[in-house]
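Asker: 3D model of this:
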Amino acid sequence: MSGGIDPELLAVLVCPVTRTPLRYDPEREELISDAAGLAYPVRGGVPVLLAEEARQLRSSPREAGGGGPPA
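Answerer: Below you'll find the predicted structure:
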């Protein structure tokens, strides 16, 4: 089974941004941080827990919080 995450490893991994637990999406081979709205890639079975490598899950400015750029 290539590309999977060891359940014991998943149990100790946390999001580097929020320090909250991650969940594994086997179809996309990503670790999902619901709290941060980020998806971290898993490459060759190795989690890449760098915010710069993460995919943003929420694209709506309303969900991102804040109210947008100053006028």
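Asker: List of residues touching the longest helix belonging to the chain?
Answerer: As assigned by DSSP state H, the longest helix anywhere in the chain is helix 7-12. Helix 7-12 is touched from outside by L22, Y24, L31, P47, with contacts defined as C-beta atoms under 8 Å, 6 or more residues apart in numbering. Any C-beta I mention is one placed from the backbone N, CA and C, and that applies to glycine too.
Asker: do the same with stretch 39-53
Answerer: By C-beta under 8 Å, 6+ apart, stretch 39-53 touches 2-5, 9, 13, 15-17, 22, 24-25, 28-33, 38, 54-55, 57.
Asker: What's the separation between the residue lying closest to Y24 once chain neighbours are set aside and L49?
Answerer: Leaving out its chain neighbours, the residue that sits closest to Y24 by C-beta to C-beta, 6 or more residues apart in numbering is I5, at 4.9 Å. Per C-beta to C-beta, to the nearest Å, I5 is found 12 Å from L49.
Asker: Same check on A36?
Answerer: A36 is 11 Å from L49, by C-beta to C-beta.
Asker: what's the neighbour count on E27?
Answerer: E27: 6 surrounding residues under other C-beta atoms under 10 Å.
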